[in-house]
Structure formats: structure tokens, C-alpha cells
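**Q** only geometry, no sequence info:
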């Protein structure tokens, strides 16, 4: 069985995500096959729902939770069509890789980068349509847990997204992925606690519309 991401629990109020151009019905929204459950105050991504991993388990600090179903077929005004990737950070790459492997996640590729002057690595996994991007220092930097850190969404028309969100969206620029563009939401300005970015398709067909 493939290890798929099918939900995230985010400790934000629904109004904040509506301000970012998402269609929220009650306290949840659907992006592709992934449900985002906006379950209150406090901030951050507090858990993920993963195929084949029971709620209540913890994967190197990443809490597995139950996420309720969301209404399908509700378009998002900001043009979001799918969750492109979920970013997880960890101070210890080897430890987190082992924990992810234990639930069926094997890395597809690794990229060396420098972040804040620190030699780091990005390791990528496929979880259905979304990609899991694990960001770690090259050498362990502590014994803290892994953290569900941020989200990047694919949108149908990034220029239209920028026009809708206005000053709440940062500058549109070239993405690391060849042929694609990206812009970061000024998430705190709209009350969203999670770092969010939007990417265009870059001429490639979306995995899900």
C-alpha cells in the first residue's frame, strides 16, 4: 500500500483561510484529495492524516490525526487546484528518514542547499499528488522533533491569484522548479499561522484539476 497524505489539521480559524482566497465550508476545505481541517486557535499544523497509519501514532514528532471529510467540488477563489508540497523540518535527517521509512515513505531524491548560511539538504518523497519535502541540516543540530512546517499550493493562474490577494501576496518570482513561478503569502497579514506559497503549473498538466 502506498503511503498517501489525505488530511492535515491546522490550528487556525476558518476566517483566516477564507481571507487567503480559499473556500472553507464549516471548518474544512478540500484541495485535490487532501482535506485541511481548520480546528481552532493556537497556530501551526498540529497533525497529518496518512494512509495506513493509525491516528494517535507519532512519526518522529509528527502526530497522526483523524481528519473529517470535506465538501467536494467547491472551487477556491484564489485558483488553488492541488497541494503541491508539504514541508517538514527536522534537526536530524537520519533519525527522521528512519521514522518515515517505518511508515512506508522512501526518498525519491535529495538536493544540497544552503539555508541561512547552514549547509542543508532537501529530501523529497511522493505521497500521492503532494510531495513531502524534508528540510534538514547536513549534520544533526539537536534532538528536537520533526515539525510540519509549511505548505505550497498549485494554482491555475498565478497572476490572477496575485490580483485577488493584492498586498497579501509577495512578489511573483521564478521558482526552483524549472519553468515555474512562485509567490509567498504574507500569511500573518491575513491571520494564517502556517507559511504558504503558491506555484503556477509552469506549462505542465496538473495531477488533479
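**A** That came through fine. Treat the numbers as computed from the prediction; the structure is a model and nothing was measured.

**Q** How about the contacts made by residue 23?
**A** Contacts for residue 23 (C-beta atoms under 8 Å, 6 or more residues apart in numbering) come out as 29, 74-77. No exception for glycine: its C-beta is placed from N, CA and C like everyone else's.

**Q** how about the closest residue to residue 142 other than its chain neighbours, secondary structure?
**A** Residue nearest to residue 142 in three dimensions, not counting chain neighbours: residue 91, with 4.1 Å by C-beta to C-beta, 6 or more residues apart in numbering. Per DSSP: H, G, I helix; E, B strand; the rest coil, the local secondary structure of residue 91 is coil.

**Q** and residue 91, what pLDDT?
**A** Looking at residue 91, its pLDDT is 97.

**Q** can you check residue 71 too?
**A** At residue 71, pLDDT is 89.

**Q** what do you get for residue 208?
**A** Listed pLDDT for residue 208 reads 40.

**Q** one step back: among the contacts of residue 23, the buried ones, what's the ChimeraX command?
**A** To isolate the buried subset of the contacts of residue 23 in ChimeraX, counting by 16 or more other C-beta atoms under 10 Å, use the following:
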select :29,76
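
**Q** so which of the contacts of residue 23 would you say is closest to residue 11?
**A** Using C-beta to C-beta, residue 29 comes nearest to residue 11 of the contacts of residue 23, at 14.8 Å.

**Q** which element is that closest one on?
**A** strand 28-31 (DSSP states H and E).

**Q** Give me the helices and strands touching that strand, please.
**A** Helices and strands touching strand 28-31, by 3 or more C-beta pairs under 8 Å, 6 or more residues apart in numbering; DSSP states H and E, are strand 34-38, strand 80-89.

**Q** And the strands in the chain?
**A** Remark: strands assigned in the chain by DSSP state E are 5-10, 28-31, 34-38, 45-50, 58-59, 62-63, 80-89, 109-115, 118-126, 131-137, 147-155, 173-174, 181-184, 196-199.

**Q** quick one: low-confidence parts of the chain?
**A** For the chain, the stretches with pLDDT under 70 are 1, 203-209.

**Q** contacting residues for the nearest residue to residue 122 once chain neighbours are set aside?
**A** The shortest distance from residue 122 to any non-neighbouring residue, by C-beta to C-beta, 6+ apart, is to residue 111 (4.7 Å). Residues near residue 111 by C-beta under 8 Å, 6+ apart: 121-124.

**Q** same check, this time on residue 171
**A** Here residue 171 is in contact with residue 183 (C-beta under 8 Å, 6+ apart).

**Q** what does residue 65 give?
**A** Applying C-beta under 8 Å, 6+ apart, we find residue 65 in contact with 7, 9, 46-49, 55.

**Q** same check, this time on residue 64
**A** Residue 64 neighbours (C-beta under 8 Å, 6+ apart): 47-50, 53-58.
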